[in-house]
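1. Make a model of this:
(one chain, ligands or ions: 1)
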Amino acid sequence: MPRFAYVNGRYIDHRRAAVHVEDRGYQLADGVYEVIHLFRGRLVDEDAHLDRLGRSLEELRMSWPISRSALGVAIRELIRRNRYATGLVYIQVTRGVAPRDHKFPIVGRPVLVMTIRPISEFPTEMRENGVAVITIDDLRWARCDIKTVALLPNVLGKQAAAEAGAYEAWMCDGDGFVTEGTSSNAWIVTDEGTLVTRPAGPDILRGITRQAILALAEVQEVPVEERKFTREEALAAREAFLSNSSHFVTPVTSIDDVVIANGKPGSLSVALHKRYMDYMEAMPAALDDTQRKKSLS
Ligand SMILES: Cc1ncc(COP(=O)(O)O)c(C=O)c1O
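-> Just a heads-up that it's a prediction; the model follows:
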């Protein structure tokens, strides 16, 4: 159970942390968010996540609630107070509290909320057997590159997946091409061993894990094609996997109940996950020694 949440400058008992009923995030989904993995004391790709947060804020004409450097300090203080080494840091910025009205409020400032929750490092079942995916129509808006808290189609998609006994739903555009998962990017590997994922554009979120995987693939000289692929191509692929900050590279072993290849996690997916682990191990610790000691006192 998390001990503290951060609400607009204060570290509050997690059970009592709350925002005002007229917060625009709550009433209008007028807000953005980020999720950063704290992995064995390291904030994975913190800079890239904060860059993306800055971009989301800019696209919605919102300002930083506190400076970027102050945000880094607050994230570390939240980690220190909660005493987690591994978990997910959730950062949410909304346009603030104001009487309900669609137009931007004239006065008012952004509201920053942060939580952290533990996560199990390696769900063994997922790693060893891969996960099942279903496909659904992509019902979202035209700016999926902005990481907003308006996640209703994603919520409905993930629920449909759960009800079908699957882990994730891959959304397909009107032409039958897979866009992405409800909380992950989608990948396949062709018979020739080429890694394929949809190009970054307004129709998908430019995943931070996706970017890191592309960089790792380049170093490993794995051929990559950033192009659209259809559900049918995915069903016939040599491998499929999904990526996100929560679980990095997760093998997909069935899509719509069709077994992918031999039904086992593919070798490239497994190798990329391993490379990703090495990549994270090389990152600096989030807390320095003094901060760590304070968190244990
Ligand atoms: C819709 C969507 N696509 C992709 C991702 C993966 O992004 P990242 O690798 O930055 O976690 C997420 C993560 O939450 C997501 O919600």
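2. OK, contacts around the closest residue to residue 245 other than its chain neighbours?
-> Nearest residue to residue 245, sequence neighbours excluded (C-beta to C-beta, 6 or more residues apart in numbering): residue 37, at 4.8 Å. Bear in mind the C-beta positions are built from the backbone N, C-alpha and C, glycine included. Residue 37 makes contact with 43, 44, 87, 88, 89, 119, 245, 246, 248, according to C-beta atoms under 8 Å, 6 or more residues apart in numbering.
3. For the nearest residue to residue 220 once chain neighbours are set aside, give its distance to the ligand.
-> Spatial nearest neighbour of residue 220, excluding adjacent residues (C-beta to C-beta, 6+ apart): residue 275 at 6.8 Å. For residue 275, the distance to the ligand (C-beta to the nearest ligand atom, to the nearest Å) stands at 15 Å.
4. Now do the buried residues in the host helix or strand of residue 275.
-> Assigned by DSSP states H and E, residue 275 belongs to helix 267-281. Under the neighbour-count criterion of 16 or more other C-beta atoms under 10 Å, helix 267-281 has 268, 269, 270, 272, 273, 275, 276, 279, 280 buried.
5. Near the ligand, which residues of the stretch 101-250 of the chain are found?
-> Proximity of the stretch 101-250 of the chain to the ligand, by C-beta under 6 Å from any ligand atom, involves residues 154, 180, 183-185, 205, 207-210, 243-245.
6. Apply 5 Å and report the result again.
-> Residues of the stretch 101-250 of the chain lying near the ligand by C-beta under 5 Å from any ligand atom: 180, 183, 185, 205, 207, 208, 209, 244, 245.
7. Quick one: residues contacting the fourth one.
-> Going by C-beta under 8 Å, 6+ apart, residue 205 touches 144, 145, 147, 180, 185.
8. and it, what pLDDT?
-> Predicted confidence (pLDDT) for residue 205: 98.
9. for the protein, where's the lowest mean pLDDT among helices and strands?
-> helix 289-296 (a mean of 74; mean pLDDT, DSSP states H and E).
10. helices or strands up against that helix?
-> Contacting helix 289-296 under the criterion 3 or more C-beta pairs under 8 Å, 6 or more residues apart in numbering; DSSP states H and E are the following elements: helix 68-82.
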